[in-house]
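**Q** pasting the sequence and the predicted model now:
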There are 2 protein chains.
Amino acid sequence: MIKDKIVPVCEVEIVDEKKVKAAKGKIENLNAILDMADIFKLLGEPTRLKIVLALMNSELCVCDLAAAIESNVSTVSHQLRLLRNARLVKYRKDGKMVFYSTDDEHINVAIEKIREHSEE
Amino acid sequence: MIKDKIVPVCEVEIVDEKKVKAAKGKIENLNAILDMADIFKLLGEPTRLKIVLALMNSELCVCDLAAAIESNVSTVSHQLRLLRNARLVKYRKDGKMVFYSTDDEHINVAIEKIREHSEE
DNA sequence: AGTACATTTGAACAAATATGCAAATGTTAT
DNA sequence: ATAACATTTGCATATTTGTTCAAATGTACT
């Protein structure tokens, strides 16, 4: 996931050294940025975003979830695994059924803010 | 006697019809979902997320921005175009320089919420 | 034991895309 | 007009990744 690629620094001269240093300060915690990017990326895919939206205030088994977003069980299960790993969905087992749901208020707010941005 | 039960079950049969319909209601506006996914996806790439973070409360030319995130001008310019199209950054021209910045409070809040999620 | 069903998982393919080089564009000077 | 510089853009490529099929796993029931 993390690339150890050597990135050639811009050969061009820096125009405003002070501003560059200030900007660098905002992105000094690389791991935090990579973690955030992972979450954004997960929500940046229609299938997964549909899953998260469909599970808001609901609790659905994989089969019904697949029906709701008009996809198939295998695809949904694959994506659920990614969402689970990032704690974007939680699940509850009951016999051979598995019920998924969401309950992260941070994510709900983030989605709402992105919705507001893209609506205006 | 041939049984006609070979159809993949989960795509046809639904366990809880009521819940499925409720879930479908949450994802009925497909275009809105696709628009949101586009924004999330843009923020879901480390290079672009770094750009957005670096430009918070700053205003940097492309060259300094590239230096700040330790990338090169071409890559940054490519990504800036995508961010511009989605109105995630704005820009101001001054002679041959182009200064980029961000000022969308929705995006700032969304980033903060995602940060909180991935920190806990 | 066996069957039926819900879910997960592995593998393979196809599509999307981030990046870097080189060339082009635009701007300000001399 | 020519040079120098900042930015953009076109192209090529290497990597990532979403989807599907098939097989495996897990569970309940007879």
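**A** That came in fine, so what should we check first?
**Q** near A:Met56, how many other residues are there?
**A** Look at A:Met56: counted by other Cβ atoms under 10 Å in any protein chain shown, it has 16 neighbours. Where C-beta positions appear, they are placed from N, C-alpha and C, glycine not excepted.
**Q** excluding chain neighbours, give the residue nearest to it in space.
**A** Distances taken as Cβ to Cβ, 6 or more residues apart in numbering or on different chains place A:Thr102 nearest to A:Met56, at 5.7 Å, with adjacent residues excluded.
**Q** ok, the helix or strand of chain A with the lowest mean pLDDT near chain B or not?
**A** Lowest by mean pLDDT, DSSP states H and E among the helices and strands of chain A is helix A:17-26, with a mean of 94. Yes. Under the criterion of Cβ under 8 Å from any Cβ of the partner chain, chain B is reached by helix A:17-26 at A:Lys19, A:Val20, A:Ala22, A:Ala23, A:Lys24, A:Lys26.
**Q** re earlier: contacting residues around the residue nearest to A:Met56?
**A** Counting by Cβ atoms under 8 Å, 6 or more residues apart in numbering or on different chains, A:Thr102 touches A:Val52, A:Leu55, A:Met56, A:Leu88, A:Val89, A:Lys90, A:Asn108.
**Q** let's see it at 10 Å
**A** Going by Cβ atoms under 10 Å, 6 or more residues apart in numbering or on different chains, A:Thr102 touches A:51-59, A:83, A:87-90, A:108, A:111.
**Q** list only buried entries from those.
**A** With neighbours counted by 16 or more other Cβ atoms under 10 Å in any protein chain shown, the contacts of A:Thr102 contain buried members at A:51-56, A:58-59, A:83, A:88-89, A:108, A:111.
**Q** surely A:Ala22 touches B:Leu60?
**A** Yes. Proximity of A:Ala22 to B:Leu60 meets the contact threshold set by Cβ atoms under 10 Å, at 9.3 Å.
**Q** neighbour count: those two, which is higher?
**A** Set A:Ala22 next to B:Leu60 and count neighbours by other Cβ under 10 Å: B:Leu60 wins out with 25 against 15.
**Q** okay, and the beta partners of that one?
**A** Under DSSP bridges, the beta-bridge partners of B:Leu60 are B:Tyr100.
**Q** any idea how far it lies from DNA strand C?
**A** With distances taken as Cβ to the nearest atom of the strand, to the nearest Å, B:Leu60 is found 17 Å from DNA strand C.
**Q** again, but for A:Lys21
**A** 22 Å.
**Q** look up how far DNA strand D lies from that residue.
**A** 17 Å.
**Q** hmm, B:Leu60 and that residue touching each other?
**A** No. Between A:Lys21 and B:Leu60 there is no contact under Cβ under 10 Å: 11.4 Å.
**Q** which residues do the two both contact?
**A** With Cβ under 10 Å, 6+ apart as the test, A:Lys21 and B:Leu60 both reach B:Ala67, B:Ala68.
**Q** and stretch A:37-44, anywhere near chain B?
**A** Yes. Residues of stretch A:37-44 contacting chain B under Cβ under 10 Å from any Cβ of the partner chain: A:Ala37, A:Asp38, A:Ile39, A:Phe40, A:Lys41, A:Leu42, A:Leu43, A:Gly44.
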